[in-house]
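K.L.:
need a 3D model of the sequence below.
(one chain, ligands or ions: 1)
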Amino acid sequence: MSNSTQDPHANAQQQLSTVAKLLRKNYTDTKAFDQVISKLLQPDRVLETKLEITLDSGKKQQFQAYRSQHNNARGPYKGGIRFHQGVTLSEVKALSTWMTWKCAVTGIPYGGGKGGVVVDPRTLSQAELERLSRAYARFIADSIGAWIDVPAPDVNTNGQIMAWMVDEYQKIQAENYPARIGSQTNPLATFTGKPLELGGSEGREEATGLAGVFVLEKLVEKLGFTRKQDVTVAIQGFGNVGYWFAYHADQLGYKVVAVSDSKGGVYVESGLDPAQTLQCKREQGSVDACRCNHDSCEVQHGKAITNQELLELPVTVLVPAALENVITADNAGKIQATAVLEMANGPVTPEADKILAQRKIVLVPDVLANAGGVTTSYFEWVQNLQGYAWTKDEVINKLRPLMEQSFAAMWEQKERHHVDGRTATYLSAVKRVVDAMLLRGGHENHTLSD
Ligand code: NAD
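P.N.:
Next comes the predicted model:
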């Protein structure tokens, strides 16, 4: 196993190995336990191809694409599809591993999967993006299904992309299996994060950020705060997750003092207005432009900061909500937050974990903090399978207790075993997956679809 902090899959493996050492003493059949852990260190299956599409110019272009299916002992593989120029095989494998733990954290009946395409979607026209999305759906069509592997959006993918993919998937099903039409499981249940008109769920768009705020509420209680306005929050990333987290935290009275996007950030000591900042970002192109004092560009009296400066602000809660590996051994010593709430996947490296723990900075790990997204995807899948749509209130009322229970379980493990938040969360999540694999037996070569 590589020790590189910049290798996401090596990080994911290292996290699992650390937890396996602690869990191992609870198992009498240590040989079976070791076999199961060794299987979990690698995905069950990785699909890899080069997708070729015709650009608007008539030229052909190829894009590297992946789908990693990590584990399905607890249910179908589940995980998003990322379109980003920085996608790597290691990243997709790590993200699929984290999905396995994430689904186990809130107890939803899924395993872990993840997909990615190496592309900067800003360089594509809408028609090219559609062709690429349909090509990706063709690539994975034979390996997915409502009871096999259920993809969803991730960085730079959205409901429209899911709509193209589900449409392409249905066409392929109709071409390849015409006799089965009408007798199959609802094919819409093969993708989640779809637009409402195509079987999407109420509340899905804001679910990850909102559920993160449910966790924030419980966290600040444990940190001993009684007044929300005393809690300052800095958020890296102002996309789907970062924005909705900022919006709901602000609505509840927490003081959001800084947000950023890929171009940089804005810091407003007295607290900023996330909705106004989003409006400004739309007009100006980036949040770091949303700081000045003139009517033409004013959001608040703030100053522009770099992403690095944002991470090092003296706030109560630091919320990385962009990409992975942003808190490393190089900057973990400079983090001044009381707690780090990981809304992005994998933002803190294992080396940084150790430094944060030594410095008594509380960590709420990604697999718990951002589990609201996949949990609402699960609700969408359940609604598709039932053929019955829930209201937004029904969705939120089911989401909130799951997040609160998962946080309480983490805190209880953390206090009982005197471990950091990630280890505490992994202890119960990994145990659930290991137990499912051991119960099934034949773990050396088992897969649900055998
Ligand atoms: P998004 O594409 O909507 O937003 C990403 C944000 O990160 C944008 O504001 C972008 O400008 C910013 N960003 C990109 N590169 C950056 C950099 N180098 N430095 C600082 N900011 C940068 O994506 P999203 O859906 O909000 O996802 C964000 C993170 O949350 C990802 O790690 C994703 O895997 C994770 N996540 C998302 C969901 C979901 O429901 N969307 C669920 C669980 C986890």
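K.L.:
which ones are touching residue 253?
P.N.:
Contact partners of residue 253, counting by CB atoms under 8 Å, 6 or more residues apart in numbering, are 228, 229. From N, CA and C alone the C-beta is placed, and that goes for glycine too.
K.L.:
any idea how far it is from residue 393?
P.N.:
According to CB to CB, to the nearest Å, residue 253 and residue 393 sit 21 Å apart.
K.L.:
what's the answer for residue 48, then?
P.N.:
Noted for residue 48: a distance of 42 Å to residue 393, by CB to CB.
K.L.:
ok now stretch 420-429, how far from the chain's centre?
P.N.:
17 Å (CA atoms, centre = their mean, to the nearest Å).
K.L.:
with just CA atoms, put it into CSV.
P.N.:
Taking C-alpha atoms only, stretch 420-429 is exported to CSV below (Å, rounded to 0.1, in the frame of the first residue of the first chain):
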residue,chain,number,x,y,z
ASP,A,420,-11.3,10.6,16.7
GLY,A,421,-14.5,11.1,14.9
ARG,A,422,-13.5,9.3,11.7
THR,A,423,-12.3,6.2,13.6
ALA,A,424,-15.5,6.2,15.7
THR,A,425,-17.7,6.4,12.6
TYR,A,426,-15.7,3.8,10.7
LEU,A,427,-15.8,1.4,13.7
SER,A,428,-19.6,0.9,13.3
ALA,A,429,-19.8,1.3,9.5
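K.L.:
for the record, mean pLDDT for that stretch?
P.N.:
For stretch 420-429, the mean pLDDT works out to 94.
K.L.:
list the buried residues of that stretch.
P.N.:
For stretch 420-429, a neighbour-count test (16 or more other CB atoms under 10 Å) marks 420, 421, 422, 423, 424, 425, 426, 427, 428, 429 as buried.
K.L.:
could those go into CSV alongside secondary structure and distance to the ligand?
P.N.:
Below are the buried residues of stretch 420-429 laid out as CSV (DSSP: H, G, I helix; E, B strand; the rest coil; distance: CB to the nearest ligand atom, whole Å):
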residue, secondary structure, distance to the ligand
420, coil, 20
421, helix, 17
422, helix, 15
423, helix, 20
424, helix, 20
425, helix, 15
426, helix, 17
427, helix, 21
428, helix, 19
429, helix, 15
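K.L.:
how about the secondary structure of the residue of the stretch 351-450 of the chain found nearest the ligand?
P.N.:
Residue nearest to the ligand within the stretch 351-450 of the chain: residue 373 (3.0 Å; CB to the nearest ligand atom). Here residue 373 is recorded as helix under DSSP: H, G, I helix; E, B strand; the rest coil.
K.L.:
mind listing what it touches?
P.N.:
Residue 373 makes contacts with 152, 207, 208, 211, 241, as judged by CB under 8 Å, 6+ apart.
K.L.:
turn those into TSV, columns for neighbour count, pLDDT and distance to the ligand.
P.N.:
Putting the contacts of residue 373 into TSV (neighbours: other CB atoms under 10 Å; pLDDT from 0 to 100; distance: CB to the nearest ligand atom, whole Å) gives the following:
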residue	neighbour count	pLDDT	distance to the ligand
152	25	96	8
207	30	93	7
208	24	94	4
211	33	98	9
241	29	95	4
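K.L.:
out of these, which are inside helices?
P.N.:
Secondary structure defined by DSSP state H assigns 207, 208, 211, 241 of the contacts of residue 373 to helices.
K.L.:
isn't the last one right up against residue 209?
P.N.:
Yes: counting by CB atoms under 8 Å, a contact exists between residue 241 and residue 209, whose distance comes to 5.2 Å.
K.L.:
list residues touching both of those two?
P.N.:
Common neighbours of residue 241 and residue 209 (criterion: CB under 8 Å, 6+ apart): 321, 343.
K.L.:
buried residues, stretch 7-14. List them.
P.N.:
Under the neighbour-count criterion of 16+ other CB under 10 Å, stretch 7-14 has 7, 8, 9, 10, 11, 12, 13, 14 buried.
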